[in-house]
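K.L.:
Sharing a sequence plus its predicted fold:
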Amino acid sequence: MRCIDCETVKNHVFDETFFWVYLPTGESYTKAKRLAAEQQYDCRPFGEHGLRIKRAREQVADFLTSFLGALGGPELANTNIVTTDDNHLPPESLGRVITADVFINRFHSEWVIEALAAERYETWFQPIVYASGPRAGDAFAHEGLFRLRDTADNIIPPVHVFGVAGKSDLLFSLDLAARRKAVESAAEAKLAGKIFINFNPSSVYDPAYCLRTTASSIAESGLRAEDVVFELTETHMARDKAHLKGILAFYRNAGFGVALDDIGSGWSGLNMLHEMRPDYVKLDMDLVRDVDTDSFKQVIVRNLISIARENGIQTIAEGIETVAEADFLRGVGADFLQGYYFGHPAPVL
């Protein structure tokens, strides 16, 4: 399995870089060859649809921008690039082939890789509280939320970080770093209760490998498997249900809990509950917002909580910002509550 942790664009760009470009069709080859002629690149054909293009380090950015303009999205996704630091293409270099779209996005997202390498990231935690009973309002768990900093020590919006990582084929590295940091931070802070750790199923290429690395971090930290809940995020992006079931089976068999995020939003609906049978479900914050005054949302929330309860699944209502929202959700039987009303995400150390 390819380890993106060890792979940066800097490994592919040299003082003089020879780009070996494999075009998918004769039409794409003609476009790229025309671009090379117009820009007066040092270009040589090879193979059936291949071009070897030589660029100095300072010319790489302009070359990639021009290349992006010459080829369409599907063409870039089916064009392969490998680079060398001289005019030879040894057989072992073929193991470093990257699609053109990923190479371009990776080049422009080098700041993500550099921040990971420099460990400019941390975990902030937000409490999840008991909704009712003698411990109402007490922390049942804490959700770990990944935060990446720029070179000026500013927090970069997580949505932007993960969006860039997704386009650059870096989700595996980012998600793995986030899981490890959440485990380490929770153990160091000695947080009471369970720890919810997010992971994107699209980033889990090999459940066994991901389980081993994460379980190793958990064991080293002193946490128990039963105190850790893996929360699947962006489940609407996971089109392969068999893959998703495989991930859940690996984590469950190792003793971890499993939660599904954003139930009631998009693809993450009743079919997800039926197919995946998680231990916890989180009601989408869009459903929670103003639920105390919106009768339509109230019907949906009541039914989701009822279905979950009948199937032995505990519910967490997230995104709560007002006492009225909290009171309504307690009244309809939500098991746990989360949101700014109970506490903002914050560092614990």
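P.N.:
Yep, that arrived. Numbering: from 1, shown residues only.
K.L.:
CA only for contacts and neighbour counts going forward, please
P.N.:
Noted.
K.L.:
distance of the residue lying closest to I104 once chain neighbours are set aside from L76?
P.N.:
Distances taken as CA to CA, 6 or more residues apart in numbering place L64 nearest to I104, at 6.3 Å, with adjacent residues excluded. L64 sits 11 Å away from L76, going by CA to CA, to the nearest Å.
K.L.:
Show me which of those two is the more surrounded one.
P.N.:
More crowded of L64 and L76, by other CA atoms under 10 Å: L76, with 22 against 18.
K.L.:
helices and strands around whichever helix or strand the more buried one is part of, which ones?
P.N.:
Assigned by DSSP states H and E, L76 falls within helix 73-77. Packing partners of helix 73-77 (3 or more CA pairs under 8 Å, 6 or more residues apart in numbering; DSSP states H and E): helix 100-108.
K.L.:
Alpha carbons of the helix or strand just after the helix it packs on, as PDB, please.
P.N.:
Scanning forward in sequence from helix 100-108 by DSSP H and E, the next helix or strand is helix 110-117. Extracted C-alpha coordinates of helix 110-117, given in PDB (Å, rounded to 0.1, in the frame of the first residue of the first chain):
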ATOM      1  CA  GLU A 110       2.500  21.700  -0.200                       C
ATOM      2  CA  TRP A 111       1.600  23.800   2.900                       C
ATOM      3  CA  VAL A 112      -0.500  20.800   4.200                       C
ATOM      4  CA  ILE A 113       2.400  18.400   3.800                       C
ATOM      5  CA  GLU A 114       4.800  20.900   5.400                       C
ATOM      6  CA  ALA A 115       2.500  21.500   8.400                       C
ATOM      7  CA  LEU A 116       2.100  17.700   8.900                       C
ATOM      8  CA  ALA A 117       5.900  17.200   8.700                       C
END
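K.L.:
Look up how far L23 lies from F67.
P.N.:
12 Å.
K.L.:
Pick out whichever of those two has more residues nearby.
P.N.:
Each of F67 and L23 has its neighbours counted (other CA under 10 Å); L23 has more, 23 against 19.
K.L.:
is it true that that one touches G50?
P.N.:
Yes: the pair L23 / G50 is scored as a contact, 6.1 Å apart, by CA atoms under 8 Å.
K.L.:
Now name the helix or strand holding F19.
P.N.:
strand 16-22.
K.L.:
Off-centre distance for that strand?
P.N.:
30 Å (CA atoms, centre = their mean, to the nearest Å).
K.L.:
ok, now stretch 167-177?
P.N.:
6 Å.
K.L.:
Can I get it in CSV, CA atoms only?
P.N.:
Output of stretch 167-177 as CSV, limited to C-alpha atoms (Å, rounded to 0.1, in the frame of the first residue of the first chain):
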residue,chain,number,x,y,z
LYS,A,167,-8.3,17.0,-3.9
SER,A,168,-4.6,16.2,-3.3
ASP,A,169,-5.0,12.6,-2.3
LEU,A,170,-3.7,13.5,1.2
LEU,A,171,-6.8,12.4,3.2
PHE,A,172,-5.0,9.2,4.4
SER,A,173,-2.1,11.2,5.9
LEU,A,174,-4.3,13.9,7.4
ASP,A,175,-6.8,11.5,8.9
LEU,A,176,-4.1,9.2,10.3
ALA,A,177,-2.3,12.2,11.9
